[in-house]
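Colleague: okay, predicted coordinates and the sequence, questions at the end:
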Amino acid sequence: MKGLQLDPETIRQELVLFNQRLQQSYETLKTIEGVDVGTTPRSEIYRNDKTRLYHYTPRNQTQNRLPLLICYALVNRPYIADLQPDRSLIASLLDQGIPVYLIDWGYPDEGDRYLDLDDYIEEYLDGCVNACIEHAASDKVNLLGICQGGTFSLCYTALHPERVRNLITMVTPVDFHTDDFILSHLAMKVDADLAVATYGNIPGEVLNDTYNSLMPMRLGVQKNLGLPAQLSDRDKALNFLRMEQWINDGPDQAGEAFRSFIQQFFQRNLLLKGEVKIGSKQIDLKTINQPILNIIGAHDHLVPPSSSRALETATSSQDYNEICVNAGHIGVFVSSRALKQVPESIARWLQARD
């Protein structure tokens with residue numbers, strides 16, 4: 001096998017071009033004072049401790065009857081669903097005439113060290129559902145859970161089926177022990193008791209480094225080498241910086257909630273076994289018979305399709321539908337291709353059932 005042969009002149013030209021792009025990137029960044037995210041108009045209608053519930057201003061008069069409540073993960077910030085005007089799941093849902101509400105869990109601090117899953121699901125999530133129902137003058141919600149928020153939504157629906165009309169899960173882990181669930185294999189090695197005893201709350205940057213380690217070449221070396229091209233003009237730079245802000249804006253995780261999620265879901269796979277405990281209550285997914293729309297990322301490296309697809313047989317729903325989007329974990333709701341497919345599909349699915 002012949003070794004890689006590079007012409008010295010070719011190398012020189014590449015280095016000159018790289019340096020020129022670096023200088024251009026520097027000049028571009030000098031013109032940017034800050035980035036804006038989450039710009040779709042909204043109002044806060046409920047709060048409980050650090051949790052906030054937002055209602056988004058409708059864009060047209062043709063609306064679904066029931067409100068759509070979005071429950072995002074505790075990890076990272078929910079404004080990824082409204083990153084910028086042309087990359088906003090929320091704005092696209094509003095354009096489809098859907099009343100949209102969003103839960104923001106906030107940033108846990110040392111005073112939240114002992115918050116557990118019962119607090120998040122039975123106190124904060126339940127409070128947001130009730131506030132959403134009251135604000136929308138409805139009797140139920142349509143619940144859309146994203147990633148870990150989808151797992152929370154499954155637990156909530158199992159506990160309170162009378163408050164959920166339709167359930168949508170997006171890039172949601174269900175079977176945590178599939179062979180290709182790399183993050184779960186890593187979580188199996190985590191001593192959650194030691195981590196919580198050491199940190200109290202688990203630092204967001206620790207989790208962010210963990211996620212990046214799953215794809216070190218793509219999320220490390222390749223991204224850094226591609227920076228000059230990403231920052232070549234103002235629009236590209238702003239797109240890149242908004243995403244980078246979100247990636248590095250991971251909240252700390254309340255210690256007890258982290259411990260319980262790692263041990264019950266990742267390490268023991270109790271959700272699929274019907275043995276998860278939220279407070280004193282046991283979660284049995286077979287109590288769920290609502291219509292389910294399960295949205296999966298075909299190239300999801302964090303939650304593989306095999307984990308999400310386990311939902312098809314995990315509940316008692318006779319109305320299970322699945323959409324596989326040609327995108328990764330985040331691309332399912334920020335890529336231009338996905339935003340042409342997903343919001344419209346959600347709207348059609350809801351309209352057929354509301």
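Modeller: On my side now, so go ahead.
Colleague: would you map the helices across the stretch 101-250 of the chain?
Modeller: Ranges of helices in the stretch 101-250 of the chain, per DSSP state H, counting those that start in this stretch, are 117-118, 126-136, 148-159, 182-187, 192-199, 204-213, 216, 223-225, 227-230, 234-247.
Colleague: residue 320: which of those helices is closest?
Modeller: helix 148-159 (12.9 Å; C-beta to C-beta). Just so you know, the C-beta spots here come from the backbone N, C-alpha and C atoms, and that holds for glycine as well.
Colleague: run the angle between that closest one and helix 126-136 for me.
Modeller: Computed by axes from the mean of the first three to the mean of the last three C-alpha atoms, to 10 degrees, the angle separating helix 148-159 from helix 126-136 equals 80 degrees.
Colleague: who's in contact with helix 148-159?
Modeller: With C-beta atoms under 8 Å, 6 or more residues apart in numbering as the test, helix 148-159 has contacts from 70-75, 103, 117, 120-122, 125-126, 129, 143-145, 164, 167, 169-174, 261, 265, 271, 276, 278, 281, 283-285, 287-288, 290, 311.
Colleague: please save the CA atoms from that helix in CSV.
Modeller: Extracted C-alpha coordinates of helix 148-159, given in CSV (Å, rounded to 0.1, in the frame of the first residue of the first chain):
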residue,chain,number,x,y,z
GLN,A,148,-35.3,12.7,27.9
GLY,A,149,-38.4,14.9,27.8
GLY,A,150,-40.0,12.1,25.8
THR,A,151,-39.2,9.6,28.5
PHE,A,152,-40.7,12.0,31.1
SER,A,153,-43.8,12.4,28.9
LEU,A,154,-44.2,8.6,28.8
CYS,A,155,-44.0,8.4,32.5
TYR,A,156,-46.4,11.3,33.0
THR,A,157,-48.9,9.8,30.5
ALA,A,158,-48.8,6.5,32.3
LEU,A,159,-49.5,8.3,35.6
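Colleague: ranges for the strands of the stretch 251-354 of the chain?
Modeller: Listed in chain order, the strands of the stretch 251-354 of the chain (DSSP state E, counting those that start in this stretch) span 276-278, 281-283, 292-297, 320-325.
Colleague: for these, give me a markdown table that also has distance to residue 97 and mean neighbour count.
Modeller: As requested, the strands of the stretch 251-354 of the chain are arranged in a markdown table below (distance: least, C-beta to C-beta, whole Å; neighbours: other C-beta atoms under 10 Å):
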| stretch | distance to residue 97 | mean neighbour count |
| --- | --- | --- |
| strand 276-278 | 34 | 19 |
| strand 281-283 | 33 | 17 |
| strand 292-297 | 17 | 24 |
| strand 320-325 | 19 | 17 |
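Colleague: so which of these gets nearest residue 212?
Modeller: Closest approach to residue 212 among those (C-beta to C-beta): strand 292-297, 17.8 Å.
Colleague: direction included, what does the closest one pair against?
Modeller: Using DSSP bridges, the strands paired with strand 292-297 in its sheet are strand 164-170 (parallel), strand 320-325 (parallel).
Colleague: if we can go back for a sec, okay, the strands of the stretch 251-354 of the chain in a markdown table with distance to residue 91 and mean pLDDT next?
Modeller: Shown next, in a markdown table, are the strands of the stretch 251-354 of the chain (distance: least, C-beta to C-beta, whole Å; pLDDT from 0 to 100):
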| stretch | distance to residue 91 | mean pLDDT |
| --- | --- | --- |
| strand 276-278 | 33 | 98 |
| strand 281-283 | 33 | 98 |
| strand 292-297 | 18 | 98 |
| strand 320-325 | 18 | 98 |
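Colleague: any idea which of the ones you listed gets closest to residue 20?
Modeller: When these are compared by C-beta to C-beta, strand 292-297 sits nearest residue 20, at 36.2 Å.
Colleague: could you tell me which ranges of the stretch 201-350 of the chain sit under the pLDDT cut-off?
Modeller: In the prediction, the stretch 201-350 of the chain carries residues with pLDDT under 70 at positions 215-226.
Colleague: redo that, cut-off 90
Modeller: Within the stretch 201-350 of the chain, the stretches with pLDDT under 90 are 207-241, 243-244, 247.
Colleague: in the chain, where's the longest helix?
Modeller: Longest helix of the chain, by residue count under DSSP state H: helix 8-30.
Colleague: re earlier: whichever of the contacts of helix 148-159 end up buried, select them in ChimeraX.
Modeller: Applying 16 or more other C-beta atoms under 10 Å to the contacts of helix 148-159, the buried members can be selected in ChimeraX as follows:
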select :70,71,72,73,74,75,103,117,120,121,122,125,126,129,143,144,145,164,167,169,170,171,172,173,174,261,265,271,276,278,283,285,288,290,311
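Colleague: residues contacting residue 258?
Modeller: Applying C-beta under 8 Å, 6+ apart to residue 258 gives the contacts 192, 195-196, 201-202.
Colleague: repeat that for residue 96.
Modeller: Contacts for residue 96 (C-beta under 8 Å, 6+ apart) come out as 343-344, 346-347.
Colleague: do the same with residue 174
Modeller: Contacts of residue 174 by C-beta under 8 Å, 6+ apart are 151, 154, 271-272, 307-311, 314.
Colleague: residues in contact with stretch 18-36: which ones?
Modeller: Residues contacting stretch 18-36 (C-beta under 8 Å, 6+ apart): 84, 227-229, 231-234, 237-238, 241-242, 245.
Colleague: farthest-separated two in those?
Modeller: Farthest pair in these (C-beta to C-beta) is 84 and 228. Separation: 21.8 Å.
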